[in-house]
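Colleague: with the sequence up front, the predicted model follows.
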Amino acid sequence: MDGAGTLAKKGHEIIFTSKNAEETIKFGKALGTLLTNGHVVALIGDLGTGKTTMVKGIVTGLDVKDSRNVKSPTFSLAHKYNGRIPVYHIDAYRLSGSQELLDIGSDEMIFGNGVTIIEWADNVPDSLPEEYLKITLTHVSEERRNIKACAYGKRYDQIIQLLRDWCD
Ligand SMILES: Nc1ncnc2c1ncn2[C@@H]1O[C@H](COP(=O)(O)OP(=O)(O)OP(=O)(O)O)[C@@H](O)[C@H]1O
C-alpha cells in the first residue's frame, strides 16, 4: 500500500498502523474481499477505537450496498446485510455473556452460511468458534490506530499472509 500505514510482521499476525479513518476503511475493505462463507471476525477495542469504521470497510469488501451507512447494532444486537454472501454484524457491547448471544440466534449466524463480524467479541469469548480472525484496535493518537490482526486457526493464516501482501 503506497505511502500508507506502517506494518510490523510476526508469524500469524500483523500489526498495521492506520493514519486515519479512511485508511482503516481501506484495510477493512481489503480484508472483506478475502472473506468467504463461515469466516468469523472478532473485533476488540475500547470505545471509539474504530471497530464500526473497520466494519464499514469489511462490508464494502463483501459488496454490501450503502456500506458507509453501517451503524453498530447496539440495541438490536445484530444486523444482517446482503453482500455477495450474507453478512452478520453483531454488537456484543451490552451482552454480559455467551448465553445472551445464543438467545438472539447467534449459532445460526456464527456457524451458518456467510460471514460474521462481532464487535466487543471479548464480552462473549465462549461463543467464538475454535477458529477465527481476531482484530484488536488500539488508540495511538487522535487519528492514529494500531490494528492487530491475528489468525486463530490455520484457515486464517492465508488471510494474514494476503493482508501482509496488501500492506507491503
Ligand atoms: N485511524 C482511525 N481508524 C478508525 N477510526 C478513526 C481513525 N481516526 C479517527 N477515527 C474516528 O474515530 C471514530 C471511531 O468511531 P467508531 O464508531 O468506528 O469506533 P468504535 O470502536 O466502533 O466505537 P464504539 O465502541 O464507541 O461504538 C470515528 O469518528 C472515526 O472517524
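Modeller: Perfect, thanks for sending it. Residues are numbered from 1 along each chain as shown.
Colleague: contacting residues around residue 28?
Modeller: Residues counted as contacts of residue 28 (CB atoms under 8 Å, 6 or more residues apart in numbering) are 53, 54, 55, 56, 57, 58, 60, 61. Just so you know, the C-beta spots here come from the backbone N, C-alpha and C atoms, and that holds for glycine as well.
Colleague: if you set the cut-off to 10 Å instead, what comes out?
Modeller: Contact analysis of residue 28 by CB atoms under 10 Å, 6 or more residues apart in numbering lists 18, 41, 43, 50, 53-62, 67, 117, 135, 147.
Colleague: give me the pLDDT for it.
Modeller: Listed pLDDT for residue 28 reads 98.
Colleague: neighbours of the closest residue to the ligand within the chain, how many?
Modeller: In the chain, the residue that lies nearest the ligand is residue 50 (2.7 Å; CB to the nearest ligand atom). By the measure other CB atoms under 10 Å, the count of residues near residue 50 is 27.
Colleague: same check on residue 160?
Modeller: Neighbour tally, residue 160, other CB under 10 Å: 20.
Colleague: so it is in which element?
Modeller: helix 157-167 (DSSP states H and E).
Colleague: can I get that helix as PDB, trimmed to CA atoms?
Modeller: The C-alpha trace of helix 157-167 is given here as PDB (Å, rounded to 0.1, in the frame of the first residue of the first chain):
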ATOM      1  CA  ASP A 157      -3.200 -18.000   8.200                       C
ATOM      2  CA  GLN A 158      -3.600 -17.400   4.500                       C
ATOM      3  CA  ILE A 159      -5.700 -14.300   5.100                       C
ATOM      4  CA  ILE A 160      -2.900 -12.900   7.300                       C
ATOM      5  CA  GLN A 161      -0.400 -13.600   4.500                       C
ATOM      6  CA  LEU A 162      -2.600 -11.900   1.900                       C
ATOM      7  CA  LEU A 163      -3.200  -8.900   4.200                       C
ATOM      8  CA  ARG A 164       0.500  -8.700   4.600                       C
ATOM      9  CA  ASP A 165       1.000  -8.600   0.800                       C
ATOM     10  CA  TRP A 166      -1.700  -5.900   0.600                       C
ATOM     11  CA  CYS A 167       0.000  -3.800   3.300                       C
END
